[in-house]
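S.K.: Predicted model, plus sequence, below.
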Amino acid sequence: MKPLFFTPSARNDLRDARRWYEAQRLGLGAAFDLAIEATLTRIQRMPAAHAMVGPHSLPAMRCAVVRRFPYEIYYQDEEARVVILLVFHTAQNPARAVARLRHH
């Protein structure tokens, strides 16, 4: 399995989402963590299994859907590692994700 590398913004996305869920209900943040961990494990084991996404103006990337929570994880499958670029809530405007991904 390739190691995962998280961009600072992806780490912030995860931290903020976990805090929000935990504030909604005790233990929900931990459930979010488990769902994210399962998705990251799927990405690590089969990084090429998820769909290629994004406009042609962005570098090639893939997107994995997080089960149980309305999030997607955008990543690049590099030769020696998998770079987690963005953890994005699906209710947000997709243009916001594109704008953030342009800065990577």
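M.R.: That came through fine.
S.K.: Quick check: the gap between the closest residue in space to Ala30 that isn't next to it in sequence and Ala60.
M.R.: Nearest non-adjacent residue to Ala30, counting by Cβ to Cβ, 6 or more residues apart in numbering: Glu22, 7.6 Å away. Every C-beta, even on glycine, is put in place using the N, C-alpha and C of the backbone. Glu22 is 34 Å from Ala60, where distance means Cβ to Cβ, to the nearest Å.
S.K.: between these two, which one's more packed in?
M.R.: Taking other Cβ atoms under 10 Å, Glu22 and Ala60 do not tie; Glu22 has more neighbours (16 against 10).
S.K.: Quick check, central residue of this structure?
M.R.: Centroid check for the chain by Cα atoms, centre = their mean gives Ile73 as the closest residue, at 2.1 Å.
S.K.: Average pLDDT for stretch 51-68, rounded please.
M.R.: On average, the pLDDT along stretch 51-68 is 83.
S.K.: so how far is Ala95 from Phe88?
M.R.: The gap separating Phe88 from Ala95 is 12 Å, by Cβ to Cβ.
S.K.: now do Ile73
M.R.: For Ile73, the distance to Ala95 - Cβ to Cβ - is 18 Å.
S.K.: Am I right that Leu26 sits in a helix?
M.R.: No: going by DSSP: H, G, I helix; E, B strand; the rest coil, the assignment for Leu26 is coil, not a helix.
S.K.: Looking only at neighbour counts, state which of Phe88 and Ala95 leads.
M.R.: Between Phe88 and Ala95, counted using other Cβ under 10 Å, the more crowded position is Phe88 (22 against 8).
S.K.: ok, the more buried one touching Ala97?
M.R.: Yes: Phe88 is within contact range of Ala97, at 4.9 Å (criterion: Cβ atoms under 8 Å).
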